[in-house]
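Undergrad: Would you be able to build a 3D model of this:
(one chain, ligands or ions: 1)
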Amino acid sequence: KGLLIIHGPNLNLLGTREPEVYGRTTLADINAHLAAIARQHDVPLAHFQSNHEGALVDRIQAARTDGTAFIIINPAAYTHTSVALRDALAAVAIPFVEVHLSNVHRREPFRHHSYFSDLAEATVVGMGAFGYEAALRYALRELGVAPP
Ligand code: DQA
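TA: Presented below is the predicted three-dimensional model:
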């Protein structure tokens, strides 16, 4: 049973992209940090970033048969637009946590609606890069590999 981290569009630019909103931590830093924590618990962790909606749908579909037991996803801008990504998560029926670096609720009104939150086990917003660690530690507990 493994964990899958999915990063949506423009998150490849983390570190330089609007650092006052999204912080200075790069995506590589985030992935390395999460991988180190997963390794401590002997849980396989895969990560995937794409700027393309269809590629993200394909990766989520693949999770149905690749041993993924839990997904952590930041759909980025697709949060507010993508019925296709939502349907992919519903189709594979793998529990997931939705993460946003920024507090989307104190930003523009178009960021207040998510196509994912009502399907998610939990959501994390506004904690910056730490939000991924919080989601990962929650997932490890849910999978029964870390103490509650
Ligand atoms: C984001 C918030 C989204 O509204 C935005 O489009 C992003 C990043 C976040 O992590 O805060 O690209 O998902």
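Undergrad: Tell me which residues of the helix or strand of the chain with the lowest mean pLDDT come out buried.
TA: Confidence across the helices and strands of the chain bottoms out at helix 19-22, with a mean of 90, counting by mean pLDDT, DSSP states H and E. Of all the residues in helix 19-22, those buried under the rule 16 or more other CB atoms under 10 Å are residue 22. For the C-beta atoms, the positions are set from N, CA and C on the backbone; glycine is no exception.
Undergrad: Skip ahead from that helix and say which helix or strand is next.
TA: Proceeding N to C from helix 19-22, the next assigned helix or strand is helix 27-40, under DSSP states H and E.
Undergrad: Only alpha carbons, please: show the helix or strand just after that following helix as CSV.
TA: Later in the chain than helix 27-40, the nearest helix or strand by DSSP H and E is strand 45-49. Only the C-alpha atoms of strand 45-49 are listed here, as CSV (Å, rounded to 0.1, in the frame of the first residue of the first chain):
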residue,chain,number,x,y,z
LEU,A,45,5.6,7.2,-2.0
ALA,A,46,5.2,8.3,-5.7
HIS,A,47,4.8,11.9,-6.8
PHE,A,48,3.5,13.4,-10.1
GLN,A,49,3.2,16.9,-11.4
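Undergrad: Can you read off the pLDDT for residue 7?
TA: Looking at residue 7, its pLDDT reads 98.
Undergrad: How about the contacts made by it?
TA: Applying CB atoms under 8 Å, 6 or more residues apart in numbering, one finds that residue 7 lies in contact with 27, 47-50, 73-74, 76.
Undergrad: which residues pair with it across the strands?
TA: Here residue 7 sits in beta bridges with residue 49, residue 74, going by DSSP bridges.
Undergrad: so how far is residue 142 from it?
TA: As for residue 7, its distance to residue 142 is 20 Å (criterion: CB to CB, to the nearest Å).
Undergrad: Then residue 45?
TA: Residue 45 is 14 Å from residue 142, by CB to CB.
Undergrad: Likewise for residue 102?
TA: Separation of residue 102 from residue 142 (CB to CB) stands at 25 Å.
Undergrad: The ligand contacts on this protein?
TA: Residues of the chain lying close to the ligand by CB under 6 Å from any ligand atom are 10, 74, 76-77, 79, 100-102, 104, 111.
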